[in-house]
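[1] Okay, sequence plus prediction incoming.
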Amino acid sequence: MFLLTLPRRTVLLKAGLLLAACLFIVASRLHAGRMLPAAGTLAPITRVDSLDERVALTFDLTWGDIELAEVLRALDAAGLKATFFVGHHWVANHPDLLQAMYASGHEIGTLGMKIIDLTHLSQDEVTQQLAAAQSLLQRTLGIGARLFRPPHSRWKPAVLAAAQSQGLYTVTASLDAEDAVWPPPAADLIVRRVVRRAQRGDVILLNASDFARHTGDALPAIIKGLQGRGFKVVPVSQMLPVE
């Protein structure tokens, strides 16, 4: 015996379809990762909530090319791309290498003009530094960066506002490999720090400069360990789609 009238069944059916559509949209957005902050939002991106097991692999790069070569070889061997936050001085001295990295599919972000604590500067001074860094990237790659990491991940609202004025999203990290300290940590220690601590949605900070002497040695085991735990290793943009 049917207890619902036809009009009521129709209403409930439509309501059910609408609810299912809403749930699908929400799930799809979560699966792709939380989007970048909206205009006017002054908060750095540190990690991302996501339904899938993604982690972002990022490298700061300010000096030399020896360790970088090891890092790039490890990434190429694994078929992975990463995000490199580059300093102005490094870009000026290695334009051809940067162009090759960009052409091969790696994502290029900026550390700004000088590797200094930007919290000691005014917003206008930070803006000038970022504008100069963007200008050099534009001349070198034909495009500026969309992602900015403040040196040493130190920031204040004025730093974030300056970055936003230059069309930059500020990215810090939720997991620091601490591979650039002195004395340099052994490769197996770097591996343990990253693989054991990693969680879904982490932005992982490593270094590709020559003073991070064992990062290249550690990277193959880091990648293998992360993938062994079921993580998908991606650049930042694949966690936070940049429009």
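    Structure's in. What do you need?
[2] Show me the helices in this protein, by range?
    6-32, 66-78, 88-93, 95-103, 123-141, 157-165, 187-197, 215-228 (DSSP state H).
[3] by contact count, what packs against the last one?
    In terms of contacts (3 or more Cβ pairs under 8 Å, 6 or more residues apart in numbering; DSSP states H and E), helix 215-228 is packed against helix 66-78, helix 187-197, strand 203-207, strand 232-234. Backbone N, C-alpha and C define where each C-beta goes, glycine included.
[4] among the ones you listed, which is the most enclosed?
    Mean neighbours per residue, mean count of other Cβ atoms under 10 Å, is largest over those for strand 203-207, with a mean of 25.
[5] Can you list the low-confidence ranges for this structure?
    Within the chain, the ranges that satisfy pLDDT under 70 run 1-41, 241-243.
[6] wait, doesn't residue 110 sit right on residue 168?
    Yes - at 7.3 Å, residue 110 counts as touching residue 168 under the criterion of Cβ atoms under 8 Å.
[7] shared neighbours of these two, anything?
    130, 134, 145, 147-148 (Cβ atoms under 8 Å, 6 or more residues apart in numbering).
[8] ok, residue 206 to residue 192 distance?
    Applying Cβ to Cβ, to the nearest Å, the value for residue 206 to residue 192 is 14 Å.
[9] about what we covered before: quick one: which of the helices of the chain is nearest residue 117?
    Closest approach to residue 117 among these (Cβ to Cβ): helix 157-165, 9.8 Å.
[10] OK, contacts around the residue nearest to the spatial centre of the chain?
    Nearest to the mean C-alpha position of the chain, by Cα atoms, centre = their mean, lies residue 236 at 3.2 Å. Counting by Cβ under 8 Å, 6+ apart, residue 236 makes contact with 45, 56, 58, 83, 107, 109, 147, 171, 203.
[11] Now the two most distant members of those.
    The most distant members of the contacts of residue 236, if one measures by Cβ to Cβ, are 45 and 107, lying 13.6 Å apart.
[12] Quick one: closest of the helices and strands packed on helix 215-228 to residue 138.
    helix 66-78 (22.0 Å).
[13] Mind giving me the packing neighbours of that closest one?
    helix 215-228.
[14] got a list of what the closest residue to residue 80 other than its chain neighbours touches?
    In space, and not counting its chain neighbours, residue 80 is closest to residue 233: 5.5 Å by Cβ to Cβ, 6 or more residues apart in numbering. Applying Cβ under 8 Å, 6+ apart, we find residue 233 in contact with 54-57, 78, 80, 82, 223, 226-227.
[15] Kindly report the same for residue 44.
    Here residue 44 is in contact with 150, 155, 160, 170-172 (Cβ under 8 Å, 6+ apart).
[16] Apply 10 Å and report the result again.
    Neighbouring residues of residue 44 by Cβ atoms under 10 Å, 6 or more residues apart in numbering: 37, 148-150, 153, 155, 159-160, 163, 169-173, 203.
[17] Which residue, other than its chain neighbours, is closest to residue 221?
    Closest residue to residue 221 apart from its sequence neighbours, by Cβ to Cβ, 6+ apart: residue 191 at 4.5 Å.
[18] what lines up beside the biggest strand by length in the chain in the sheet?
    Assignment by DSSP state E gives strand 54-61 as the longest strand of the chain. If you go by DSSP bridges, strand 54-61 pairs up with strand 83-87 (parallel), strand 203-207 (parallel), strand 232-234 (parallel).
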